[in-house]
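**Q** give me a 3D structure for the following:
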Amino acid sequence: MLLTDYIKSNLDTTCPVFADDASAREVLVLMQEKRCSCAPVLHEEQIISMVTITDLLLLHSKNKPGVTLRELNLEKAAIIGLHEHLFDIFSRIRDFSFPLIPVSDMEGRYAGVIEKVLLLERLAAIFHLGEEAVTLELDVPSSDLKVSEVIAALEKNDATVLSFGMYPAAPEGEGTVITFRLQTHDLFRLVKNLEKYGYVIRYTSPFFKEKDDDLREKALEFIHFMDM
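**A** Take a look at the predicted model:
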């Protein structure tokens, strides 16, 4: 699935949606029936806010009949466009404070909602952040950095680069850390060979799982022997 189509493909158009002049009491009843924790609020087809079941229960406890959603001073909703790219959205992920994110079409009209967890799960899958991969961080000088050379060294040692990212090693910007997500049959051998090439290993996933205690201890003894 193309990332530019991801939002459209996962759009939920069945979520209840309310006009801002709707009765808060009636909205509460409907949201309880539908078991919705939150829902979009519209004004002339434009998304203006999200109402939560908590907002409505608090109002209900104050016994204020006849109040409309417009009078609740609801939090303004952060919106995404129907055809926005997933990576462009991620920079605004902290603005989405509800489990559902309202989506607008190209004309700015309400189109549906998408679950925030779906966006996060898709990003995790793209960068292979699950258990099928391992993490390797290298500390390299920024001035002579050639990512292609680093990748070539990894592939030379039978590692497959699934994704990578970079960030400054220090606030002053001296040096760069490259974080790789890899598939490899022998992470221990890969790390030792990279050290021979002169790379500074900043972090790696554990070489062995907890159930392999004896094997791990033998490996550590071997590392100590080689260092001597």
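**Q** now for the chain, the helix or strand with the poorest mean pLDDT.
**A** Every helix and strand in the chain was compared by mean pLDDT, DSSP states H and E; the lowest is helix 213-227, with a mean of 54.
**Q** kindly provide the distance from the residue nearest to residue 127 when sequence neighbours are not counted to residue 8.
**A** Closest residue to residue 127 apart from its sequence neighbours, by Cβ to Cβ, 6 or more residues apart in numbering: residue 163 at 4.3 Å. Any C-beta I mention is one placed from the backbone N, CA and C, and that applies to glycine too. Per Cβ to Cβ, to the nearest Å, residue 163 is found 24 Å from residue 8.
**Q** the more surrounded of the two?
**A** residue 8 (17 against 13; other Cβ atoms under 10 Å).
**Q** hang on, the more buried one packs against residue 83?
**A** Yes: contact criterion Cβ atoms under 8 Å: residue 8 and residue 83 qualify, at 6.8 Å.
**Q** and residue 143, backbone torsions?
**A** Phi and psi for residue 143, reported as degrees, to the nearest 10, are phi -70, psi -40.
**Q** and it, what pLDDT?
**A** Turning to residue 143, the model gives it a pLDDT of 81.
**Q** how many residues are close by residue 61?
**A** 8.
**Q** quick one: contacts for the residue most central in space within the chain?
**A** The centroid of the chain falls nearest to residue 120 when counting by Cα atoms, centre = their mean (3.4 Å). Contact analysis of residue 120 by Cβ atoms under 8 Å, 6 or more residues apart in numbering lists residue 93.
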